[in-house]
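Colleague: missing the sequence, but the structure's below:
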């Protein structure tokens, strides 16, 4: 997924539902790996609530707090139906996984048929390469190479990443791959692209490849999936318009009485 | 950053020899935990320019990490997972920069994982069963911390020595090992009874020596330190160990 969170922002609930559906279990065991963002408590809380509400058995592996929460890494991960990797620093994610041997366990989990989901850094890490801001400015970084090609996330919400990605693909410093918007995702079965999903209006996925030294983008057909409940966290267009009208009127009134400069609109 | 006890922090600051020391906190081993960063700024608010480096949110931090670290008087490394710490540092080239900082004479200090990391080898108990890990190797010894609190670590450290781990130092909570270059200069403590030990193995036996320790509350003026970091090429590392 090019961007996802465990809240009720448009499209995020639909993606949570899709993950549960793809597990093909009624009460899937789902484990969060929040390594890329340093295991923040509040993210773990939101994850547990979102998937707990959906009848799942949620857990997490916080590598930064293993002392207080000891867990048998391999046994726990291989006992899951779904492993969810959240976003953050791609460089840190892979370095820390390698230091703990998690990269090998995840390959094993993937080969065992466990559904692996991820967003942002947690989506790019499975490919040969991704575009990360782990060092500040967007740059190409290597992934785990379970999947061929490259990926770049937050495709239109962080345009500076897309520019670097297109240049890298054109120059051949990153292999051809996929650009993923927030609330859009791709499903691979083994190494084969099986489906694309768009959970929000305007959220898309593109195939990105080089042709005659230029980067080309070709939209991938996606299935539209939608939230079951009205999203929260975004202000509907009509409310924004109403607020603007009220503000403009208030400004006019102020202007009339006080004779001040132009009001805000 | 011992709760309610600034003695070790003050000691580390005194080693800089600066009236307005620049102190940079590296919370990497905790995953850059917000509450830990806040604790640092509270503990070091008297310093002229406290700062921190977040390796998980680099797009919002200092532009040039090397330049920033090399301009400090004291680099303070927080506790947490030493395995994650070393892995992350290597990925960002921080290990090389810290070696450079050390050679330049910048005081390096840290607690728990922030102590283990400077040594060639360390025994961490963070991930459940105590295990041996490779550190940055600035100090050619082994190290373990929280030596009093957890007896599993005591026996594991002894076992590791018998299995060929290089000889080294163990510190109890509240005790700090102060090295000048690679020489142990002194042991200081923020608690009257905290101690540190030198351990080595010979002929299938472990020799443990309890080291003379100076309790920091006895005198407010720091003693002159043998071969301390008075300019030149002398470098210094403080393995500060506290009960988080």
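Modeller: Ah, there it is. Model, not experiment: these values are computed from the prediction.
Colleague: In the chain, mark out all the helices, start to finish.
Modeller: Went with chain A since none was named. Taking DSSP state H, the helices of chain A run over residues A:12-23, A:41-53, A:73-78, A:90-100, A:102-111, A:121-124, A:159-171, A:237-258.
Colleague: Actually, chain B is the one I wanted.
Modeller: Assigned helices in chain B, in chain order: B:7-15, B:34-43, B:65-70, B:82-92, B:94-103, B:113-116, B:151-162 (criterion: DSSP H).
Colleague: quick one, what contacts whatever residue of chain A ends up closest to chain B?
Modeller: In chain A, the residue that lies nearest chain B is residue A:38 (2.7 Å; CB to the nearest CB). Using the backbone N, CA and C atoms, a C-beta is placed for each residue, glycine as well. By CB atoms under 8 Å, 6 or more residues apart in numbering or on different chains, residue A:38 lies in contact with A:64, A:88, A:92, B:30, B:31, B:32, B:33, B:56.
Colleague: still on that earlier bit, can you list the helices of chain B in CSV and add mean neighbour count, mean pLDDT and distance to chain A?
Modeller: Shown next, in CSV, are those (neighbours: other CB atoms under 10 Å in any protein chain shown; pLDDT from 0 to 100; distance: least, CB to the nearest CB, whole Å):
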stretch, mean neighbour count, mean pLDDT, distance to chain A
helix B:7-15, 21, 93, 21
helix B:34-43, 15, 93, 8
helix B:65-70, 16, 96, 9
helix B:82-92, 24, 96, 3
helix B:94-103, 18, 96, 11
helix B:113-116, 29, 95, 10
helix B:151-162, 17, 90, 12
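Colleague: Up against chain A, what does chain B have?
Modeller: Contact residues (CB under 8 Å from any CB of the partner chain) of chain B with chain A: B:29-34, B:55-59, B:61, B:63, B:80-81, B:83-84, B:86-88, B:90-92, B:125-128.
Colleague: check contacts around residue A:109.
Modeller: The neighbourhood of residue A:109, defined by CB under 8 Å, 6+ apart, consists of A:77, A:78, A:80, A:83, A:116.
Colleague: Next one, pLDDT for the residue in chain B that chain A sits nearest to please.
Modeller: Chain A sits closest to residue B:31 of chain B, with a gap of 2.7 Å, by CB to the nearest CB. Looking at residue B:31, its pLDDT stands at 95.
Colleague: Surely it touches residue B:85?
Modeller: No: Residue B:31 is beyond contact range of residue B:85, at 9.8 Å (criterion: CB atoms under 8 Å).
Colleague: Can you mark which positions in the helix or strand of chain A with the lowest mean pLDDT are buried?
Modeller: Taking mean pLDDT, DSSP states H and E as the measure, helix A:237-258 is the helix or strand of chain A with the lowest mean score, a mean of 72. Of the residues in helix A:237-258, those with enough neighbours to count as buried (16 or more other CB atoms under 10 Å in any protein chain shown) are residue A:251.
Colleague: centre of the chain versus it, how much separation?
Modeller: 38 Å (CA atoms, centre = their mean, to the nearest Å).
Colleague: for residue B:143, what are its contacts?
Modeller: By CB under 8 Å, 6+ apart, the contact list for residue B:143 reads B:115-116, B:118-119, B:121-123, B:135, B:168-171, B:177, B:239.
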